[in-house]
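Q: One predicted model, sequence on top.
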Amino acid sequence: MTSTEHQEFIASVRALLTKHAGSAAVRAGMDTELGYDEKLWRLLCEQVGVAALAIPEEYGGFGASLVESLLVVTELGRTLAGVPMLGSAVLGAQAVLLSGDVDACERLLPEVAEGARTIALCWAGPDGWDAPGVHADGEILSGTSHYVLDGLHADTLVVVTPTGLFEVDAAADGVSRHSVPTMDPTRKLAEITFTGVAGRRLGTGDPAAVTARLHEIAWAAVAAEQVGAAERCLELTVEYTKSRVQFGRAIGSFQALKHRMADMYVLVESAKSTSYAATTAVAERSSSAAEDVWAARLHCSEAFSTIVAEMVQLHGGIAITWEHDAHLFFKRAHGDAQLFGTPHRPLVQPA
């Protein structure tokens, strides 16, 4: 359960998004080369400070936690706005912090907190996020990173390799970036190739521990986004069934449809609980984090996919038209189910 302060914070984020991130604005943004409304990102950073939330005060942030950052991700899930919150302000910033490299934190994070710099985390290989696509020979990077969020226009690249993290200027010689086609038009992904690129090693920590932590953060963040999107799908469905008249009455008054929407509500509420448990566990580095994240990743993916399928069914023919947002939520559900892969079930130690 969120606190009163969190509820007030959520209300302020939602009010800004309601005013500036409606369906028309999101559609206009996704048709641009950048993939999102740059003005919206500036407003979120300047008026709410979303990019600064989980960045420590000594690096120009607010010194809050991942809980507050993922509350923003939840709200963005309701609108499908493709701003670089998840890719840069959450994953990119956390990767730099996890490296333990003080110099990099001092150079990069103040501008990230302001929203003036974006960081893309280059991570996945051709088969997904279990094995990096880029390898390092000393500090020379070669290979291709796939499915990079916000990668096409990011200012700084943080590259995950089997031997550690590296910082690369996105404009460096040997870096080649191009957009890749996706099912979900509201989320831009890039493929970035490194051909003998000189990188700067970030920290000297255990690469396996860093990537394990990044996995937990990524899965918890996607679960939070799925909850926001699922909740919005339910709201849109209820609104539609109240206004759509068939056989002389609103279709929402038919008992069969009431039961289906009640089932949707139960899924939304249970997804909220599992997502918030995972967010809290990851933020606090709880010993139960692996189990909580595993449960949230699976349940929230299933809940969102089920709810959006019901949304399409209950909206009838209008839901499969380009003009209606149902298909955008449908595509986001399928994209989110694959994003960052799926965690292995954690081993439960005997009591």
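A: Thanks, I have it.
Q: could you pull out the strands for this structure?
A: 119-122, 124-125, 128-132, 134-137, 140-149, 156-161, 164-169, 175-180, 189-198, 200-202, 245-246, 249-250 (DSSP state E).
Q: Among those, show me which one is buried the most.
A: strand 119-122 (a mean of 30; mean count of other Cβ atoms under 10 Å). For glycine as for every other residue, the C-beta is placed from the backbone atoms N, C-alpha and C.
Q: what does it rub up against?
A: With contact meaning Cβ atoms under 8 Å, 6 or more residues apart in numbering, strand 119-122 is reached by 87-88, 91-93, 95-96, 108, 112, 133-134, 145, 148-151, 154-160, 168, 170, 190, 192, 214.
Q: hmm, back to that, using TSV, lay out the strands of the chain together with mean pLDDT and distance to T306.
A: Output for those, formatted as TSV (pLDDT from 0 to 100; distance: least, Cβ to Cβ, whole Å):
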stretch	mean pLDDT	distance to T306
strand 119-122	97	30
strand 124-125	95	27
strand 128-132	92	24
strand 134-137	96	36
strand 140-149	97	24
strand 156-161	97	32
strand 164-169	96	37
strand 175-180	95	28
strand 189-198	97	25
strand 200-202	96	40
strand 245-246	82	24
strand 249-250	84	24
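Q: Just send these back as TSV, with distance to A309 too.
A: Output for these, formatted as TSV (distance: least, Cβ to Cβ, whole Å):
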stretch	distance to A309
strand 119-122	31
strand 124-125	27
strand 128-132	25
strand 134-137	37
strand 140-149	24
strand 156-161	34
strand 164-169	39
strand 175-180	26
strand 189-198	24
strand 200-202	42
strand 245-246	21
strand 249-250	22
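Q: show me the contacts for the spatially most central residue of the chain.
A: Centre of the chain computed as the mean C-alpha position; nearest residue by Cα atoms, centre = their mean is L86, 4.1 Å away. Applying Cβ under 8 Å, 6+ apart to L86 gives the contacts 73, 76, 149, 221-222, 225.
Q: In helices, which of these fall?
A: In this view, these that belong to helices under DSSP state H are 73, 76, 221-222, 225.
Q: how about the residues you listed, which pair is most distant?
A: Greatest spatial distance among the ones in helices among the contacts of L86 (Cβ to Cβ): L76 and V222, at 11.8 Å.
Q: Pull the contacting residues for A64.
A: With Cβ under 8 Å, 6+ apart, A64 has these contacts: 53-54.
Q: how close does it sit to H135?
A: Distance, A64 to H135, by Cβ to Cβ, to the nearest Å: 36 Å.
Q: Okay, now the sheet partners of the lowest-mean-pLDDT helix or strand in the chain, with direction.
A: Ranked by mean pLDDT, DSSP states H and E, the weakest helix or strand in the chain is strand 245-246, scoring a mean of 82. Looking at strand 245-246 with DSSP bridges, its partner strands are strand 249-250 (antiparallel).
Q: show me the contacts for the residue lying farthest from the centre of the chain.
A: The outermost residue of the chain relative to its centre, with distances by Cα atoms, centre = their mean, is G248 at 42.6 Å. Counting by Cβ under 8 Å, 6+ apart, G248 makes contact with nothing.
Q: got any ranges where this structure has weak pLDDT?
A: The chain contains residues with pLDDT under 70 at 1, 347-351.
Q: show me where it has helices.
A: 4-20, 23-30, 38-43, 66-79, 93-99, 102-114, 207-243, 255-283, 289-315, 326-338.
Q: Pick the most buried one from those.
A: Taking mean count of other Cβ under 10 Å, helix 66-79 is the most buried of the helices of the chain, at a mean of 25.
Q: Report the backbone C-alpha coordinates of that helix in CSV.
A: Output in CSV follows, covering the C-alpha atoms of helix 66-79 (Å, rounded to 0.1, in the frame of the first residue of the first chain):
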residue,chain,number,x,y,z
LEU,A,66,13.6,3.3,-6.8
VAL,A,67,10.1,3.2,-5.3
GLU,A,68,9.4,6.8,-6.4
SER,A,69,11.0,6.2,-9.8
LEU,A,70,8.9,3.1,-10.5
LEU,A,71,5.8,5.0,-9.4
VAL,A,72,6.5,7.3,-12.3
VAL,A,73,7.0,4.3,-14.6
THR,A,74,3.6,3.0,-13.5
GLU,A,75,2.0,6.3,-14.4
LEU,A,76,3.8,6.4,-17.8
GLY,A,77,2.4,2.9,-18.4
ARG,A,78,-1.1,4.4,-18.3
THR,A,79,-0.3,6.7,-21.2
